[in-house]
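Q: predicted model and sequence follow; I will ask about them next.
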Amino acid sequence: MVMLLRSCCRVLLPHIVTCRNHHVSAKGKRCLLSRLYQPRSLWEVKASETEAKPNEPTSKSQKLMIKAGLIRPSSPGCFHYLPFTVRAMEKLIRLIDKEMQDIGGQKIDMPTLSSAALWRQSGRWDLMGKELFRLMDRHNQEYCLGPTHEEAVTHLVASEGGINNKELPLLLYQITRKFRDEQRPCFGLLRGREFYMKDMYTFDISDESAYETYRNVCDAYTNIFRALGVRFVKVQADTGNIGGKMSHEFHLPANIGEDRLLVCGSCDFSANVELLQHNEKNCPVCTGQLKETKGIEIGHTFYLGTKYSHVFKATCYDSQKTPFIAEMGCYGIGVSRLLAASLEVLSKEDDIHWPGLIAPYQVCLISPKKGSKESEAITISETLYDEIIQSVPWLRDETVLDDRSYLTIGKRVKEAHMTGYPYIIVVGKKALETPSLFEVRSHNTDEVHFFSREGVIDFLQRVKVI
């Protein structure tokens, strides 16, 4: 799916993390790769040292992200997110923010420590069992590290006296770290104990308005996944220990996926296998044949009804100040999982392919090796870099100059492919010809072109982000 031309980039990219001052050379505004923290210690080690331990499942995205210096393991199910990944994550968060706020979402930030009293009040303290990270403070007060915040947000709204009609529908969301004590964390960021999640909680005065809110959020999710250019499927799902009246999941089809999905080949029906009889082979809507596939869950929506609002007495008031128990919904996107899952389905075994919109940097310009025949073109590289960021404003904080001139061009091109820059520009011996020619590689399409200086600028001005 080709999405979002350069005009859209002007909306999103200016808000994205930029090349900070400590990345910038003393000569000016060049973002130099030699200054960026991207540990490559595993790129040349024996394969056995990067493989998972016996009986520990791994994934393509996990291997690639470790090898490319994007993440580092800290403890089982927990990872250090290194600078390139943080840039991609913040771009993804900006995209999610935009879609959530376009439907009226208001961003908040709730405490990670969640009181056991609230979870006991809802009945989930025991229901969630060993999935909760539990702890006790010096005053013998019990807490958990929040895996989700239905109790906290409903208690917040109820304690403020409810919601008046002018505030309806109320859509509150956050994007924060969450914690679940996974018995067997695996696949890197796809199933961990500590992860980033976008969780939204909605409050409506009636079934009708709550269903409309539900549809709006599902549409926003569709916009997000389409903007990333990934193939996804929306399926009916079990409400599980979250509870409620209705639930859907969003999945990226992948062989490594841990969910089994049944998709009808004749109509739009699709469901998680948990929702149907295990031996069911025909669609319950049109009797067409159901085909089983695997998926990585990246989003989940729930229509909760009054499950939590009744317990915590969260009310809405109409224009006559008549109170109604709020109809609620909750909606999650696994942000760090979505990032890794997109790499899982888009990448090749040996190099990363990012969704264009969230690639850490869009362009990598590779200068010649010092001491080589084309080393005279090093200054040409710097000049071309300056011309790119001056002529293509949206690439100003999206272009990296690989100034590691002690390495061969070939080695740096290989690393650039591994890192997944959408566009790689090589300044080689043709740069010394008249007129100068530069090799431009489109990583996601495997196309290679040779352009003049003006041709490079023209090409980048017409770039599409997919």
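A: The structure has been received and is ready for your questions. Numbers count the residues shown, from 1 in each chain.
Q: for Ile205, see how far away Ser319 is.
A: Shown here: Ser319 relative to Ile205, a distance of 10 Å by CB to CB, to the nearest Å. All C-beta spots, glycine's among them, are computed from the backbone N, C-alpha and C.
Q: when those two are compared, which one has more neighbours?
A: A count of neighbours by other CB atoms under 10 Å puts Ile205 above the other of Ser319 and Ile205, at 22 against 8.
Q: pretty sure the more buried one sits against Thr322.
A: No: under the criterion of CB atoms under 8 Å, Ile205 is not in contact with Thr322, lying 9.5 Å apart.
Q: hmm, who's touching stretch 362-372?
A: With contacts defined as CB atoms under 8 Å, 6 or more residues apart in numbering, stretch 362-372 is touched by 33, 356, 374-378, 381-382, 384-385, 388, 395, 398-403, 405-409, 412-413, 416, 419, 421-428, 431, 460, 463, 465.
Q: thinking again about what came up before, what is in contact with Ser319 and Ile205 at once?
A: Jointly contacting Ser319 and Ile205 under the rule CB under 8 Å, 6+ apart are Asn165.
Q: show me the domain layout of this protein.
A: Under the assignment automatic domain parsing, the domains of the chain span 6-31+361-461, 78-346.
Q: how about the ones you listed in a markdown table, adding distance to Leu64 and mean pLDDT?
A: A markdown table is the format used below for the domains of the chain (distance: least, CB to CB, whole Å; pLDDT from 0 to 100):
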| stretch | distance to Leu64 | mean pLDDT |
| --- | --- | --- |
| domain 6-31+361-461 | 8 | 86 |
| domain 78-346 | 6 | 95 |
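Q: any idea which of the ones you listed gets closest to Gly69?
A: Between Gly69 and the domains of the chain, the shortest separation by CB to CB is 6.1 Å, and it involves domain 78-346.
Q: give the bridge partners for Val235, please.
A: The bridge-partner assignment for Val235, based on DSSP bridges, gives Glu249.
Q: burial check on the residue nearest to Cys283 when sequence neighbours are not counted, number of neighbours?
A: Once its chain neighbours are removed from consideration, Cys283 has its nearest residue in Cys264; the separation is 4.0 Å (CB to CB, 6 or more residues apart in numbering). For Cys264, the tally of surrounding residues (other CB under 10 Å) stands at 19.
Q: same deal with Asp318?
A: In terms of burial, Asp318 registers 13 neighbours under the definition other CB under 10 Å.
Q: list the buried residues for stretch 76-90?
A: If you call a residue buried by 16 or more other CB atoms under 10 Å, then stretch 76-90 has these buried ones: 77, 79, 81-85, 87-89.
Q: out of the residues you listed, the closest to Met65 would be?
A: The shortest separation between Met65 and any of the buried residues of stretch 76-90 is 7.1 Å, and it belongs to Thr85 (by CB to CB).
Q: list the contacts of the host helix or strand of that closest one.
A: Using DSSP states H and E, the element containing Thr85 is helix 83-102. The set of residues that contact helix 83-102 without belonging to it, under CB under 8 Å, 6+ apart, is 11-13, 15-17, 36-38, 65, 68-71, 81, 107, 171, 173, 175, 196, 198, 200, 220-221, 223-224, 227-228, 333, 335-336, 338-339, 354, 357-361, 419.
Q: which residue ranges of the stretch 201-350 of the chain form helices?
A: With DSSP state H, counting those that start in this stretch, the ranges of helices along the stretch 201-350 of the chain come out as 207-227, 307-312, 335-346.
Q: nearest residue to Ile457 in space, please, no chain neighbours.
A: If the residues on either side of it in the chain are set aside, Ile457 comes closest to Ser391, at 4.8 Å by CB to CB, 6+ apart.
Q: contacting residues around that neighbour?
A: Residues counted as contacts of Ser391 (CB under 8 Å, 6+ apart) are 457, 460-461.
Q: now, among these, which is nearest to Ser59?
A: Taking CB to CB as the measure, Ser59 lies nearest Leu460 of those, at 33.1 Å.
Q: correct me, but the closest one touches Ile388?
A: Yes: with contact defined as CB under 8 Å, Leu460 reaches Ile388; the gap is 6.3 Å.
Q: ok, and the closest non-adjacent residue to Asp351?
A: Leaving aside its chain neighbours, Asp351 sits nearest to His417 (4.3 Å; criterion: CB to CB, 6+ apart).
Q: from Glu167, how far out is Ala158?
A: Taking CB to CB as the measure, Ala158 and Glu167 are separated by 14 Å.
Q: more neighbours: the two, which one.
A: Ala158 (18 against 13).
Q: what's the helix or strand for the more buried one?
A: Secondary-structure assignment from DSSP H and E places Ala158 in helix 150-159.
Q: how far off centre is that helix?
A: What separates the centre of helix 150-159 from the centre of its chain is 27 Å, taken as CA atoms, centre = their mean, to the nearest Å.
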